[in-house]
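Here is a sequence together with a model predicted from it:
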Amino acid sequence: MIEVLQYEFMRNALMAGLLVSIACGIIGALVVVNRIVFISGGIAHASYGGIGLAFFAGFSPNMGAALAALISALIMGLVSRGKKHRADTVIGVIWAVGMSTGIILIDLTPGYNVDLMSYLFGSILMVPKSSLWTMAVMNLGIFILIQLFYRDFLTMSYDEEFAVAMGVPVGALYFLLLIMVALTVVMTIQVVGLILVIALLTIPSYLAEKYTRSLKSMMLAAVLISIFFTQTGIWLSYYLNLTTGATIVMVAAAFFFLSGLVSKIPYK
């Protein structure tokens, strides 16, 4: 096992899994307790439109994904705050339009046949060192924002009406949360792909919520669980010659269903 670490791509993959796990654990906890999983899925899939635009126009796919994710996050935020009874419909439309736009633009890209699998299911074994630095900076930004606004996020997440009464800027915090979700999604796409982003964003937090009693401990537990899932998935995929992103998610799904079965076992 140790000799495998002599390969730079493997070291980069393990580090990418670690960095993504930190972001997914922290932001995923807020996604779960605020019940915005569907919005997060919409952001993830809409970002594919930005990837298609990037290839068509000739600039960085990560920049395109980030741009599309941020724009879609703001639109979905406005809709979900303004017209809640129609929010799921609009989010579904943005989800579909983003994916379709990306596919069509890639089809129209002259002389370039992009590997769709690498963006749909991730390519963590191909993550360059420069991306690791970007992930580290994004993690630092997320950590600082959570530290600064933790009490406000806590109040908003569990009792929005009370938060408003206490003068918490709920609207601004909500959009800040969606922006952090968008950035986390872009980061996670490189590891598991946009189709599987939601699994890594929500399963660790769901499991953590069952065994913790505070938002802070939930975040920490979700980070540790996510690290276990990513590192285990990377090693399994390497030795079994499987797609890494899908393997990571299957490890997470196995523990998700196992947790469900264990919770149904009667105790005397």
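Sure, I can see it. Please read these numbers as outputs of a predicted model, since none were measured by experiment.

make it CA atoms for all contacts and neighbour counts henceforth
OK.

Average pLDDT for the helix or strand harbouring residue 71, rounded please.
Secondary structure from DSSP states H and E places residue 71 in helix 61-82. For helix 61-82, mean pLDDT is 88.

Give me the secondary structure label for residue 167.
coil (DSSP: H, G, I helix; E, B strand; the rest coil).

Could you check how far it is from residue 173?
For residue 167, the distance to residue 173 (CA to CA, to the nearest Å) stands at 12 Å.

Have a look at the protein and report the helix or strand with the lowest mean pLDDT.
helix 116-120 (a mean of 71; mean pLDDT, DSSP states H and E).

in the chain, what spans have low per-residue confidence?
Along the chain, the parts satisfying pLDDT under 70 run over 1-3, 83-86, 112-117, 264, 266-268.

Could I get the full set of helices for it?
With helices called from DSSP state H, the chain shows them at 8-33, 37-57, 61-82, 87-108, 116-120, 129-158, 160-165, 170-192, 197-210, 215-240, 244-263.

center of the chain, which residue is that?
Most central in the chain under CA atoms, centre = their mean is residue 185, positioned 3.8 Å from the mean C-alpha point.

That one contacts residue 44, correct?
Yes: here residue 185 lies in contact with residue 44, judged by CA atoms under 8 Å, at a distance of 5.9 Å.

Quick check: neighbours shared by the two?
Each of 69, 194, 197 lies in contact with both residue 185 and residue 44 under the rule CA atoms under 8 Å, 6 or more residues apart in numbering.

tell me the contacts of the second one?
Listed by CA under 8 Å, 6+ apart, the contact partners of residue 194 are 44, 45, 48, 119, 120, 121, 122, 185, 188.

Over to the first one?
Counting by CA under 8 Å, 6+ apart, residue 69 touches 43, 44, 46, 47, 50, 182, 183, 185, 186.

these two touch, right, the third one and residue 95?
Yes: taking contact to mean CA under 8 Å, the distance of 4.9 Å between residue 46 and residue 95 places them in contact.

Looking at the two, which one has more neighbours?
Taking residue 46 and residue 95 together and counting by other CA atoms under 10 Å, residue 46 has the greater number of neighbours (31 against 23).

roughly how far apart are the more buried one and residue 27?
Using CA to CA, residue 46 is found at 19 Å from residue 27.

now residue 34
If you measure residue 34 against residue 27 using CA to CA, the figure is 11 Å.
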